[in-house]
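S.K.: using only what follows, build the 3D model:
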Amino acid sequence: MTAPAPLGFRGPLPPSKLNLSQYCLEQSAKHHPQKDALVLATQSDLSPVPAEHWSYASLQQRVCQVAATLVGLSMCNGDRVLLRLGNSVDFVTSFFGAVAAGLVPVPCSAMLTASEVAFLADDAAVSLVIGTDDLPMPETTGIQSISAGELRARCDRHPPMAYADTDAEDPAFLIYTSGTSGQPKGVLHAHRSVWGRRPMYHDWYGGICARDTVLHAGAFNWSYTLGVGLMDPWVNGATAVLYNGPRDVEVWPRLITQFGATLFATVPGLYRQILKYCDLTQQPLPSLRHGLCAGEALREPLLAAWQQCTGTSLYEALGMSECSTYVSTHPGMAVRPGSPGKPQTGRCVASLALEGGTEPLPCGEVGLLAVHRSDPGLMLGYWNRSEEEALVYRGPWFVGGDLACFDADGYVHYHGRRDDLMNAGGYRVSPLEVEACLSQHPLVGEVGVSELTVREDVTVIAAFVVPSNPDEADAGALLEHARQNLAAYKCPREIIFVDTLPRTANGKVQRRQLAQPFGA
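M.R.: Presented below is the predicted three-dimensional model:
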């Protein structure tokens with residue numbers, strides 16, 4: 001009998017010396033110096049859409065000039081730099097320039113208030129804030145600040161510096177995400193995190209090369225955009241296209257067509273909006289190989305509708321801020337309804353028991369999805385959050401809050417977040433399972449499921465539905481559909497029709513906000 005393979009990451013390991021920015025830009029600038037590395041489209045109401053173009057040579061020069069300028073401000077290796085910048089080239093060059101200098105950029109959303117930004121600046125103990133005049137700056141003392149305009153002016157006076165001599169294990173960037181304490185927590189990533197993205201190139205993208213043009217629809221500060229929208233295209237010599245104009249859903253097919261995007265990445269909700277509001281029969285997408293989606297579950301009706309309308313497919317990935325994507329589907333792989341795919345090649349992923357233990361659960365048993373700590377894409381840890389960090393490390397595993405099981409063929413079946421689970425008479429119910437059922441009904445355009453408090457001590461499962469046709473909204477039909485397809489304890493007790501679902505800036509449904517206007 002053959003002994004089981006030892007647990008752990010089974011792909012090539014990163015070199016001991018590695019600088020994330022250098023890895024992204026140096027080789028592509030050497031081999032494709034005049035090729036577009038970055039295209040930033042700026043308006044939606046003009047045709048063609050205006051855009052700013054940066055070649056690999058010019059982008060690398062500006063990144064290394066930013067690095068030199070920051071070092072000239074008496075910044076030292078490992079110092080944190082808060083980026084209070086919108087979706088602009090300044091954000092891109094400041095992020096990669098800080099990394100190139102051996103500093104640690106801390107990106108934040110342009111939507112944050114000054115007090116929220118002040119919390120990040122204090123929590124991360126930043127040494128410098130780079131900001132713009134149109135965004136409120138945090139009220140901080142003892143911290144240097146410089147405007148994006150002043151940084152550009154100083155860059156013009158600095159020759160580019162060489163990339164900092166960083167180790168693969170050195171901190172590279174700090175991303176803030178939701179914390180269990182109610183305050184955001186910093187996820188600290190090493191330079192090796194860019195190496196840890198390599199399994200995605202085949203097992204999600206279906207191959208990515210210098211002939212590709214990647215359009216990403218996310219905000220620049222989002223780890224999904226930083227990775228898929230910038231790092232991955234540049235490592236492979238492709239062109240990255242981003243957009244910072246008004247949020248007009250009809251702009252996305254135009255951008256795909258105008259810039260010849262071969263890969264488009266966003267959340268499933270935007271694909272749904274494109275199908276609803278854009279006439280793709282009048283504007284086909286001839287350059288598009290396929291779409292990538294992450295951030296929320298891809299429902300089978302949406303996948304089928306996109307395939308029928310565009311002739312292209314969508315490939316889903318499951319990821320997290322702590323490790324980016326690690327489970328996915330890809331071209332040539334059979335898509336299994338209700339599953340985001342299989343662990344990417346080389347990654348060691350398992351489902352572990354809720355109550356503890358380090359042995360992977362057998363097929364079919366739902367547990368906490370875990371990634372082996374040897375994965376080079378995994379975070380260094382939570383910034384100054386030792387208690388929260390202790391909750392996610394279990395022996396050789398990083399254990400997040402995702403619930404999942406594996407089937408006999410190795411597909412992961414996602415059962416939502418542990419903290420999203422609803423309680424129905426003592427039974428744990430995932431909102432994703434109820435949402436998947438209701439989304440099959442033709443009367444449902446979008447749906448989010450959450451617990452609704454009807455009395456101080458009583459909650460019921462409620463479905464918040466954006467009807468596909470408001471004139472045909474029928475709660476009774478949806479309740480009957482649920483009764484026919486779900487166990488009784490999983491069925492919603494209430495159907496509430498709404499105009500929209502609350503979402504984050506990056507398109508994720510905010511389930512905890514669904515019931516707030518309707519409770520009790």
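S.K.: so which elements touch the host helix or strand of T93?
M.R.: Using DSSP states H and E, T93 maps to helix 89-100. Here helix 89-100 touches helix 20-31, strand 36-41, helix 56-72, strand 80-84, strand 104-107, helix 148-155, strand 171-177, going by 3 or more CB pairs under 8 Å, 6 or more residues apart in numbering; DSSP states H and E. For glycine as for every other residue, the C-beta is placed from the backbone atoms N, C-alpha and C.
S.K.: what's the model's confidence in that helix, averaged?
M.R.: Mean pLDDT, helix 89-100: 98.
S.K.: now stretch 268-285
M.R.: Confidence for stretch 268-285, expressed as mean pLDDT, is 90.
S.K.: contacting residues around that stretch?
M.R.: The contact list for stretch 268-285 (CB atoms under 8 Å, 6 or more residues apart in numbering) reads 217, 249-250, 252-254, 256-257, 291, 293, 295-299, 302, 305-306, 309-310, 312, 314, 316, 445-446, 503, 507, 509.
S.K.: quick check: closest non-adjacent residue to R417.
M.R.: G401 (5.1 Å; CB to CB, 6 or more residues apart in numbering).
S.K.: try R347
M.R.: Spatial nearest neighbour of R347, chain neighbours left out: Y326 (5.1 Å); criterion: CB to CB, 6+ apart.
S.K.: please apply the same query to R62.
M.R.: T93 (5.0 Å).
S.K.: distance of that neighbour from S58?
M.R.: Relative to S58, T93 is positioned 10 Å away (CB to CB, to the nearest Å).
S.K.: phi, psi of the nearest residue to P340 once chain neighbours are set aside?
M.R.: Of all residues not flanking P340 in the chain, L318 sits nearest, at 4.1 Å (CB to CB, 6+ apart). With angles defined as degrees, to the nearest 10, L318 sits at phi -110, psi 130.
S.K.: burial of L318, as a residue count?
M.R.: Each residue near L318 was counted by other CB atoms under 10 Å, and the total is 22.
S.K.: any idea what it is bridged to?
M.R.: Beta-bridge partners of L318, counted by DSSP bridges, are V327.
S.K.: quick one: it and H415 touch, right?
M.R.: No: with contacts counted by CB atoms under 8 Å, L318 stays clear of H415, the gap being 11.6 Å.
S.K.: that's a strand at C209, yeah?
M.R.: No: under the criterion used here (DSSP: H, G, I helix; E, B strand; the rest coil), C209 is coil, not part of a strand.
S.K.: on the pLDDT front, check it for me.
M.R.: So C209 comes in at 98 (pLDDT).
S.K.: over to the one 4 residues further on?
M.R.: As predicted, T213 sits at a pLDDT of 98.
S.K.: on that earlier part again, could you tell me which of the contacts of stretch 268-285 belong to strands?
M.R.: Using DSSP state E, the members of the contacts of stretch 268-285 that fall in strands are 291, 293, 314, 316, 445-446.
S.K.: next, format the residues you listed as TSV and append neighbour count and distance to E472.
M.R.: Shown next, in TSV, are those (neighbours: other CB atoms under 10 Å; distance: CB to CB, whole Å):
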residue	neighbour count	distance to E472
G291	26	29
C293	25	28
L314	21	27
E316	25	29
G445	16	11
E446	24	15
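S.K.: between those, which is closest to T141?
M.R.: C293 (43.3 Å; CB to CB).
S.K.: spit out the contact partners of that closest one.
M.R.: Counting by CB under 8 Å, 6+ apart, C293 touches 265-268, 271, 314-317.
S.K.: and the gap between G410 and G206?
M.R.: Here G410 is placed at a distance of 18 Å from G206 (CB to CB).
S.K.: tell me, please, the helix or strand in the chain that averages the lowest pLDDT.
M.R.: In the chain, no helix or strand scores lower on mean pLDDT, DSSP states H and E than strand 427-429, which sits at a mean of 73.
S.K.: would you quantify the distance from the residue nearest to P340 to G416?
M.R.: Taking CB to CB, one finds L318 at 11 Å from G416.
S.K.: nothing else from me, thank you.
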